[in-house]
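In: Sequence first, then the predicted structure, then my questions.
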Amino acid sequence: MLPAKKTSKTRTKSRRSHQSLKAVNYSVCKKCSSPKLPHAACTNCGYVNSKITLKLAKTEEAS
């Protein structure tokens with residue numbers, strides 16, 4: 001079944017208004033001042049948080 005009347009451009013665009021892309025929220029790295037995503041490690045220097053320390057275990061190779 002065909003529509004009775006043409007849908008106007010305004011009606012179409014107002015119906016699709018919620019489908020627009022949202023801007024990405026960036027924060028600034030405290031060490032190197034480069035933009036980074038919030039709650040993520042910095043892509044430039046790798047800084048996460050001064051309170052978080054990671055203990056890395058050293059692997060021994062069998063020789």
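Out: Structure received. Residues are numbered from 1 along each chain as shown.
In: neighbours of residue 41, just the number please.
Out: Using other Cβ atoms under 10 Å, residue 41 is surrounded by 14 other residues. All C-beta atoms are positioned from the backbone trio N, CA, C, and that covers glycine.
In: meant to ask about residue 50, not that
Out: Residue 50: 8 neighbours (other Cβ under 10 Å).
In: Now do residue 34, the pLDDT please.
Out: On pLDDT, residue 34 comes in at 92.
In: Same question for residue 14.
Out: We have a pLDDT of 94 for residue 14.
In: Report the secondary structure state of it.
Out: Per DSSP: H, G, I helix; E, B strand; the rest coil, the local secondary structure of residue 14 is helix.
In: go on, residue 11?
Out: Three-state assignment for residue 11 (three-state DSSP): helix.
In: and it, how far is that from residue 47?
Out: Distance, residue 11 to residue 47, by Cβ to Cβ, to the nearest Å: 49 Å.
In: Which one's more surrounded, the two?
Out: residue 47 (15 against 10).
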